[in-house]
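In: Can you look at this prediction? I've put the sequence above it.
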Amino acid sequence: MKLVLVYDKFGPNGPIPNGPRLAFSEFMNHWISKHTLPNYNLYRRDNFCPIFKFDHCCVHHEEFIRNAELYKSLGPAFYTINLEHSITNAPSFDIDSGRFSWTADIPEKVIKECQKGNLNLAIVIQWSDCDVKSMKKILKAARAKIGSTKNFYIWTSNILLDSDMAQFSKEEAKSIVYFPWSEAFTLYNFPSADTTVMPKEKKFMYLNRRYNAGRILTYVKMSHESLNDFGYTSMPDSFVENGQSLNDYINNHFSEHEWVKNTNVLYKSSVVDKTPLIDQDSMVLKGPKFLGFSGESENLIEYFKKSYFSIVTESRPFRENYGVMITEKTYRTIFYKHPFLIVNRPGSLEALKKLGYKTFDKFWDESYDTEEDLTKRIEKIVNTVKNLCQSDLEAMDREVIAITEHNFSNLYQVINNFTDYLRSLQQC
């Protein structure tokens, strides 16, 4: 099977993303010699294709129209529009806003091919914050432009829970497809390694490179319980983007948050001012680097090898109106067969289970996943870490293998599910 990708424009580095006003940095990256966001557009990179087990070709929409039957015989054909973060408040997705609509950039000839059933149209939401309301606006605009949503899809890397999907009609739900972009990103960027070696030097690994409320509060709570010395732990003493100190960052961003008021004495104390680093020479803490990939990958393997479990502090610790966002931070622990606790919005473990992963409720309390209050959720996680540090982790390490092996295999299965979805379109 070959995935046929249809574009409006080509430039010196290949196809230019459709709808550039909706993905400006991706559009600009096309024209510079060194991409600032490497591999950001999955389907413009040949090296991702083996992960999804398909080849692809890129074609201008005029060429596709002239030879539609030929290209349809190769495999499913898609006109994709790639999006970035935080589209929930973007007026371009509101058909009634009176401002530029995302549908305005789609050539009428492309719309006609969609109406004929020769071409599929997909909005690709990669690592984006898109709530159900915004998705319904996108579907409404698609119906208005195309006439139906039969050949229209939203590929989202957010995991929509059953409560999210219940807000769509049956017809709308057919257009929502889970797009395992973070999983593919993980499999492409991280080298394979056997991390099941013994003995271990530390109880856990807990690495932070950027600030957010969940990461800072977890670090403060861990410090207060004197747990950081039991693990490989890092918290930068300044924000990687602008050099702002940790305390200034807390004061500027979270001064009105309840958890800050509750930990006022802690966060102004030397607990956070003396943020211990793993290793002054480690590339893990040299920044800024793009998301901790490339040269840092092999360094991180050593920490997976030498610890029993991970505390993953994800990017979205608060419940929002969109689905659960799981990034490479979690999938990397799965890839390296590491048990994990996850500091993220409530329902994150439920979301992983929906994709076929198993979690670790046999070995520790996972009720934190249903706790709505961030402070209480993190307190539960820290208490669990405290109990684990006092338990026989070597025995647990032997028993947990069945789950970590299953999750490792499931990482590839989720990728295969998306490939199967594409193959099913070819058969239609």
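Out: Looks like it came in fine.
In: Can you show me the strands along the stretch 301-428 of the chain?
Out: Taking DSSP state E, counting those that start in this stretch, the strands of the stretch 301-428 of the chain run over residues 307-313, 324-325, 340-343.
In: The longest one: partners in the sheet, and parallel or antiparallel?
Out: Using DSSP bridges, the strands paired with strand 307-313 in its sheet are strand 202-207 (parallel), strand 340-343 (parallel).
In: ok, and which of these has the densest surroundings?
Out: strand 340-343 (a mean of 25; mean count of other CB atoms under 10 Å). All C-beta spots, glycine's among them, are computed from the backbone N, C-alpha and C.
In: what residues go with each domain of the chain?
Out: Using automatic domain parsing, the domain parsing of the chain gives 2-179, 188-411.
In: Of those domains, which shows the lowest average pLDDT?
Out: Note on these: domain 2-179 shows the lowest mean pLDDT, a mean of 77.
In: how long is that domain end to end?
Out: 18 Å (CA to CA, to the nearest Å).
In: residue with max distance from the center of this structure?
Out: Within the chain, the residue lying farthest from the chain centre (CA atoms, centre = their mean) is Arg66, at 37.5 Å.
In: In this structure, where's the longest helix?
Out: The longest helix of the chain (DSSP state H) is helix 401-427.
In: what comes up buried for that helix?
Out: Residues of helix 401-427 classed as buried by neighbour count (16 or more other CB atoms under 10 Å): 403-404, 406-407, 410-411, 413-415, 418-419, 422, 425.
In: Check stretch 347-355 too.
Out: Here stretch 347-355 shows 347-352, 354-355 as buried, counting by 16+ other CB under 10 Å.
In: Geometric centre of this protein: which residue is closest?
Out: The centroid of the chain falls nearest to Thr327 when counting by CA atoms, centre = their mean (3.0 Å).
In: how close does the closest residue to Lys329 other than its chain neighbours sit to Ile301?
Out: Leaving aside its sequence neighbours, Lys329 sits nearest to Val312 (CB to CB, 6 or more residues apart in numbering; 5.2 Å). Computed with CB to CB, to the nearest Å, the distance linking Val312 and Ile301 is 16 Å.
In: Same check on Phe408?
Out: Counting by CB to CB, the gap from Phe408 to Ile301 is 15 Å.
In: try Leu5
Out: 34 Å.
In: Please apply the same query to Lys362.
Out: 26 Å.
In: Which one of these two is surrounded by more residues?
Out: Ile301 (18 against 12; other CB atoms under 10 Å).
In: Which stretches in the stretch 101-250 of the chain count as helices?
Out: With DSSP state H, counting those that start in this stretch applied, the stretch 101-250 of the chain shows helices at 108-116, 132-146, 162-165, 170-173, 181-189, 213-224, 246-254, listed in chain order.
In: Of these, which is nearest Gln390?
Out: Nearest to Gln390, of all the helices of the stretch 101-250 of the chain, is helix 213-224, at 14.7 Å by CB to CB.
In: That closest one packs against which elements?
Out: Contacts defined by 3 or more CB pairs under 8 Å, 6 or more residues apart in numbering; DSSP states H and E place helix 213-224 against helix 246-254, helix 264-267, helix 270-273, strand 307-313, strand 340-343, helix 374-389.
In: can you tell me which residues contact Trp364?
Out: The contact partners of Trp364, taken as CB atoms under 8 Å, 6 or more residues apart in numbering, are 341, 384, 387-388.
In: and of the residues you listed, the nearest to Glu394?
Out: Nearest to Glu394 among those, with distances taken as CB to CB, is Leu388, at 12.0 Å.
In: In space, what's closest to that closest one - neighbours in sequence excluded?
Out: Trp364 (6.2 Å).
In: In a markdown table, list the buried residues of stretch 347-355 along with distance to Thr103.
Out: Compiled in a markdown table, the buried residues of stretch 347-355 are given as follows (distance: CB to CB, whole Å):
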| residue | distance to Thr103 |
| --- | --- |
| Gly347 | 32 |
| Ser348 | 33 |
| Leu349 | 37 |
| Glu350 | 34 |
| Ala351 | 30 |
| Leu352 | 34 |
| Lys354 | 31 |
| Leu355 | 31 |
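In: Out of these, name the ones that lie in helices.
Out: Judged by DSSP H, the buried residues of stretch 347-355 include 348-352, 354 as members of helices.
In: Out of these, which comes closest to Lys337?
Out: Leu352 (15.1 Å).
In: what's the burial count for the closest residue to Glu379 other than its chain neighbours?
Out: Leaving aside its sequence neighbours, Glu379 sits nearest to Lys221 (CB to CB, 6+ apart; 6.6 Å). Close neighbours of Lys221, defined as other CB under 10 Å, add up to 22.
In: go on, Val324?
Out: Val324 has 25 nearby residues by other CB under 10 Å.
In: I figured it hits Pro346, correct?
Out: No: Val324 lies out of contact with Pro346 (CB atoms under 8 Å); the separation is 9.1 Å.
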